[in-house]
Every structure is written in structure tokens, then in C-alpha cells.
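>>> curious how this folds, go ahead:
(one chain, ligands or ions: 1)
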Amino acid sequence: MEQKFITVGVMGWPVEHSRSPIIHNHWIQKYHLNGSYGLFPVAPSHLEAALRGISVLGLAGCNITIPHKVETLKLVDWVDPIATKVGAVNTVVTQPNGDLHGFNTDVYGYVQGLRDSHPDWRADAGPAVVIGAGGASRAVIVSLLEEGATEIRILNRTNVKAEELAHEFGAKIKTIKWAERNEALSGAALLVNTTNQGMHKQEALDIDLAELPKHALVSDAIYIPLETPLLAIANSRGNPTVNGLGMLINQARLSFQAWFGVMPEITPELNKKIISTF
Ligand code: ATR
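Numbering: from 1, shown residues only. The predicted model follows:
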């Protein structure tokens, strides 16, 4: 008997620039599965109706992207503890009884992206510095805490947002004022940019790496361009670096597994397909 057709997709507003259809449809083909991944442009005022539509339309679930990740957490029937910690859902999985379960696969995606390029990486190797205090920062912080980070220094242009994160995530989080960001890199084992600074059409992140140890891993959640100005400087001074492509594909892997029951692989062919769209 032929396998049931599985329909999934991504809800966002706007959503047409999402790379997720390329990734998931590539895997559907590669693993000879019967299904399709589509784009669902959903205005914020329609989010609840669209989510309720998931099970009646027979979708196996969907990805959730900007600006719906926080609101979706309040609308699904059950939320995974990791997604609760992040405060955002990026993956919805329809249950056999029609209930919607919410997950956050960005948390897995971030750490797996580091591990894929630096298999010996350890969260407890030394202090981590996270730049930014928005949604991406929250996923990275939960990821590092889950992996056993002992100290996370948060730097954010608007200091009060960093302080809110410290209050929420506890004693392992330290906040350092934006004006002192260059000195805050001293002794760090990991530096992560979660802001939009360095993204295509944005200014470069305004930070001086002179105090950062040369062995510190420098990671950027941005994937367009693959080498942000931050990563270019880090590379030129000999620091190991990781771009945002691994996080993008690894968060997709876990969602794909939840819907299709197959943990898909990252291959050079897939990387090339995604990069060709930049
Ligand atoms: P995301 O969900 O992608 O994390 P976000 O929640 O809008 O997006 O967060 C954007 C982050 O980029 C914030 O930490 C923001 O700093 P503020 O809290 O001060 O706004 C940071 N950011 C944006 N523009 C910046 C700039 N010019 N310099 C430094 N940080 C900036």
C-alpha cells in the first residue's frame, strides 16, 4: 500500500523568502517519501484560525516563523518544556486525536550546528558571550544552558533586555553593559552573534575582537552572507568559526523527523542548493 501523503509547511508573515521548502522538499525526494512542504502566508490576525485549520486540513504539522513563534506557544494544546523555556514554538506536530503539540527545534539546531563543524566543542569549556537579547538569543541561551554552560555573558544594545534574560534564566547569566562589550570578550571560549548586525543589507556588528582569546569559537546565527564581517575578522585572526547555515538546517532536521519519521542528513548537495538561492 502506498504511504499516506504528508502535507506540512511554514506559517509566517511574510514567508515567501523562507528556505524551508527547499530543505524539506529536498529530503522528501531524497528519501522517496510521499508528501509536500508549502508556504503559508498568515497575517497575525489570522494565526489562531490558521493553527486550528492544521488538523482539519489533515496537515502533519507545520513550522512557525516570524512573527508568530511567541503567539503560537499560547495557542497550541501542549508545549514541550524546551519550547516553554525559550518562550517560542517553531514546530507544530499534529497528534492522532487532532491536538497540536508545540516544539522549539532551534535549540537543538544551534548546538548541532556547532558540533557538526567542531565535534569536540563543549559548553563548559569556558564563558560564552551572547550578543543580542531577542528571540534568537533566547534559543541560543537555552541551548547552551541545556548543554551545561557554566557562565553566559549577555551583551545587548538595550541593557534592560539583557537584565530581563538574566533574571529569567538565573545565576549563570551575567550581563555586561553595551559600552563595555569589547572588554567583555576577555577569557571567553565562545562568542555568538544573535543580532541582525552583519546580515545582508545591514551594518556590521560594532565590536572589537582584540580581547577575545584566539582559541575562542566565534559563531553567527546569520546565514546571508555565510561569512559575516564578524566571522571574516575572526577568521583573519585565526579563531575557529561557525556560520548560521548549520543551525538553519539542523532545526529543520528535527522538525522533519517529527513529521516523516526519518532523521534526514545534511549533504554537500543540500548545502549547495540552499546557497544557490542567496
Ligand atoms: P530575533 O528574533 O531575530 O532575535 P529580535 O527579537 O528583533 O530578532 O532581536 C534583535 C536583536 O538585535 C536585539 O538584541 C537588538 O538589540 P536591542 O534589544 O537593543 O534592539 C539587536 N540589534 C538590532 N539592531 C542593532 C544594532 N544596530 N546594534 C546592536 N544590536 C542591534
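
>>> near the ligand, which residues of the stretch 101-250 of the chain show up?
Counting by Cβ under 6 Å from any ligand atom, the residues of the stretch 101-250 of the chain close to the ligand are 132-137, 156-158, 161, 194-197. The C-beta positions use only the backbone N, C-alpha and C, and glycine is treated the same way.

>>> and residue 2, how many neighbours?
As a burial measure, residue 2 scores 5 neighbours (other Cβ atoms under 10 Å).

>>> for it, give its distance to residue 117.
Residue 2 is 39 Å from residue 117, where distance means Cβ to Cβ, to the nearest Å.

>>> what does residue 275 give?
Going from residue 275 to residue 117 by Cβ to Cβ gives 15 Å.

>>> now the strands for the stretch 1-150 of the chain?
6-12, 35-41, 61-64, 78-79, 91-94, 100-103, 128-131 (DSSP state E, counting those that start in this stretch).

>>> redo those as a markdown table? Include mean pLDDT and mean neighbour count.
Below are the strands of the stretch 1-150 of the chain laid out as a markdown table (pLDDT from 0 to 100; neighbours: other Cβ atoms under 10 Å):
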| stretch | mean pLDDT | mean neighbour count |
| --- | --- | --- |
| strand 6-12 | 98 | 22 |
| strand 35-41 | 98 | 18 |
| strand 61-64 | 98 | 28 |
| strand 78-79 | 98 | 17 |
| strand 91-94 | 98 | 24 |
| strand 100-103 | 98 | 22 |
| strand 128-131 | 98 | 27 |
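
>>> of all those strands, which one comes closest to residue 250?
Proximity to residue 250 (Cβ to Cβ) singles out strand 91-94 among the strands of the stretch 1-150 of the chain, at 12.5 Å.
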